[in-house]
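Visitor: Just to be clear, the model below is a prediction. Sequence and coordinates:
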Amino acid sequence: MGCTLRMEIQGESEERVFVAAREAVRRMRALEHALSDYDPESESERLARAGPGLHAVSPDLFTLLTAGKALARRSEGAFDVSCGALSRLWRGARRAGVPPSTEAQRAAHACTGSGNISLEANPPRAGLGDRGTRLDFGGIAKGHAVSEGARVLQRAGLPVHLVALDGDLALGAPPDHARGWLVSLNPVPGSSAITVLELSHVAVSTSGDAFQSLQTNTKRFSHILDPRTGEPVTQRVAVTVLAQDGLIADSAATALCVAKPKERAAMARRFGVAARVVDGAAKDARVELVGPWPIQSHN
């Protein structure tokens, strides 16, 4: 998935911890092979090349496609795994330093829409139609992977654990003598105060454009896309979400980055999450807390 994996596990037997950690890594690598759009031989990429009709898929891919369609409805289109053509177009634009043409944007947007994904459960089969639809699990795969890795550790009898892939974390029971895992959030622009949360038994996902964007003379284009318009997000925004599952936390963080300010509270309720949204990059950046956000401490 092109990111750094970090695991912290507490257990009485070093061998038991090692074996479980290895199984968790194997599980996450299996998900990467099913979902990555950077690997031309991943299962999702092979499905995109398979042509019209329904094709046999693994339970992992079927689960994420099913979730993707449901989350597209829940987010009213702000999150959509079928936006892969747009993702590739704007990925190339960021490398070139030049926005794509209007015609290219329209063509990629025409391929987007969860209605292009067809599913059949028994046995699991899927199809993407004949419109050139491509898949992008970038806003859901890492969150799902850390939760799946955490489930492997939990089943192995290791409840005290942390699994992290960059901005996505799955937190189990806290270490001995601690009330929770300490999670530091980036300071609000213009402030030196660091928000530290003590958390356990929760998934955390952070999304924003701090590290990936395209800057022109007049506009800044985020790597986060609005599938409804086919264009990148242009407002500066960073979102941290707390949820019971990484799949939900990751997708909700992406959807809330895309959502307009007036949409956010209702969208967070539909996802069933708590979120911290930071609007803007200057000293007057606005912070909005949505849902049952935990008490904050600053140091």
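Guide: Arrived safely, thanks for sending. Numbering: from 1, shown residues only.
Visitor: For this protein, give me the ranges with low pLDDT.
Guide: 1-2, 190, 209-218, 220-221, 281-283, 295-299 (pLDDT under 70).
Visitor: mind checking the longest helix of it?
Guide: For the chain, the helix reaching the highest residue count under DSSP state H is reported as helix 14-35.
Visitor: What lies in contact with that helix?
Guide: 1, 5, 7, 9-11, 39, 42-44, 58, 60-61, 64, 135, 137, 141, 144-146, 148-150, 152-153, 156-158, 163, 165 (C-beta atoms under 8 Å, 6 or more residues apart in numbering). In short, each C-beta sits where N, CA and C put it, glycine included.
Visitor: can we see that at 7 Å?
Guide: Residues outside helix 14-35 that contact it (C-beta atoms under 7 Å, 6 or more residues apart in numbering): 1, 7, 9, 11, 39, 42-44, 58, 60-61, 64, 137, 141, 144-145, 148-149, 152-153, 156, 158, 163.
Visitor: Tell me which of these fall in helices.
Guide: Taking DSSP H as the definition of helices, those contribute 43-44, 60-61, 64, 141, 144-145, 148-149, 152-153.
Visitor: how about stretch 43-53: buried residues?
Guide: 43-45, 47-48 (16 or more other C-beta atoms under 10 Å).
Visitor: could I get the residues you listed as JSON lines with distance to residue 99?
Guide: JSON lines is the format used below for the buried residues of stretch 43-53 (distance: C-beta to C-beta, whole Å):
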{"residue": "43", "distance to residue 99": "31"}
{"residue": "44", "distance to residue 99": "26"}
{"residue": "45", "distance to residue 99": "25"}
{"residue": "47", "distance to residue 99": "29"}
{"residue": "48", "distance to residue 99": "24"}
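Visitor: Tell me the one of those residues nearest residue 289?
Guide: Closest approach between these and residue 289, by C-beta to C-beta: residue 44, at 35.0 Å.
Visitor: Would you mind confirming that the closest one is in contact with residue 135?
Guide: Yes - contact criterion C-beta atoms under 7 Å: residue 44 and residue 135 qualify, at 4.6 Å.
Visitor: which residues are in contact with both of these two?
Guide: residue 37.
Visitor: what are the ranges of the strands in the stretch 51-200 of the chain?
Guide: Taking DSSP state E, counting those that start in this stretch, the strands of the stretch 51-200 of the chain run over residues 55-56, 118-120, 125-127, 161-165, 168-171, 181-185, 195-199.
Visitor: which of those is buried the deepest?
Guide: With neighbours taken as mean count of other C-beta atoms under 10 Å, these reach their highest mean count in strand 168-171, at a mean of 26.
Visitor: Tell me which strands that strand pairs with, and in which orientation.
Guide: strand 161-165 (antiparallel), strand 202-208 (antiparallel) (DSSP bridges).
Visitor: Measure how the longest one sits relative to helix 141-155, angle-wise.
Guide: In this structure, strand 202-208 runs at an angle of 160 degrees to helix 141-155, with axes from the mean of the first three to the mean of the last three C-alpha atoms, to 10 degrees as the basis.
Visitor: and the angle for strand 202-208 with strand 195-199?
Guide: For strand 202-208 against strand 195-199, the angle by the same axes, to 10 degrees is 150 degrees.
Visitor: Among the contacts of helix 14-35, name the buried ones.
Guide: When the contacts of helix 14-35 are checked for burial by 16+ other C-beta under 10 Å, the buried set is 1, 7, 9, 11, 42-44, 60-61, 64, 137, 141, 144-145, 148-149, 152-153, 156, 158, 163.
Visitor: Sweet, I'm off.
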